[in-house]
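*Asks:* Predicted model and sequence below, questions to follow.
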Amino acid sequence: MVCNVPLLFHKTHGGLTFIAYGTYFFEMAGVGNAFRNSCIMTAVGVCAIIINSAVVTKIGRRRVFLTTGLILCGLSQVVIAAIYTAQPGTESTGKAVVGLSVIFILAYNVSFVNTSLED
């Protein structure tokens, strides 16, 4: 049960939405090249994983990373929804969606990816 529960709840936090449909989000936002923005988001995620691996194994503080990541992921999703609901289709909304998506991926990869490492 302990092994299966994280897999069941993995899809509920919305991370896979940004990872799998990032290019679609950027195309809807209408800001620049959607594929390039998606590649940038993936590169930021990889850098965050490398930083997390180095920091968590040397310093620890896994709980701080988890809590901070949870807060940033939740806030970025709420702000994306609020901005897109208030002004859909504008250029400033598109830029905000792109920026907040990158913040979400950064927070997600810094906090939730390497949680199996020891403190």
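*Replies:* Done, it's in.
*Asks:* hang on, isn't residue 91 packed against residue 31?
*Replies:* Yes - contact criterion CB atoms under 8 Å: residue 91 and residue 31 qualify, at 6.7 Å. Where you see a C-beta, it was placed from the backbone N, CA and C, and this is true even at glycine.
*Asks:* higher neighbour count, those two?
*Replies:* It is residue 31, of residue 91 and residue 31, that has more neighbours when counted by other CB atoms under 10 Å, with 18 against 11.
*Asks:* So for the closest residue in space to that one that isn't next to it in sequence, what pLDDT did the model give?
*Replies:* Of all residues not flanking residue 31 in the chain, residue 94 sits nearest, at 4.0 Å (CB to CB, 6 or more residues apart in numbering). On pLDDT, residue 94 comes in at 82.
*Asks:* for residue 83, same thing?
*Replies:* 90.
*Asks:* Contact partners for it?
*Replies:* Contact analysis of residue 83 by CB atoms under 8 Å, 6 or more residues apart in numbering lists 93, 96, 97, 100.
*Asks:* Which pLDDT does the model give the residue nearest to the spatial centre of the chain?
*Replies:* With distances taken as CA atoms, centre = their mean, residue 105 lies nearest the centre of the chain, 2.2 Å away. Residue 105 carries a pLDDT value of 85.
*Asks:* so who does it touch?
*Replies:* Per CB under 8 Å, 6+ apart, neighbours of residue 105: 18, 19, 22, 41, 42, 44, 45, 48.
*Asks:* switch to 7 Å and redo it
*Replies:* 18, 41, 44, 45 (CB atoms under 7 Å, 6 or more residues apart in numbering).
*Asks:* coming back round to it: do I have it right that the residue nearest to residue 31 meets residue 29?
*Replies:* Yes - counting by CB atoms under 7 Å, residue 94 does reach residue 29; the two are 3.4 Å apart.
*Asks:* rewinding a little: do you know how far the residue nearest to residue 31 is from residue 111?
*Replies:* 26 Å (CB to CB, to the nearest Å).
*Asks:* Please enumerate the helices of the chain.
*Replies:* 5-9, 15-20, 22-29, 34-58, 62-86, 91-111 (DSSP state H).
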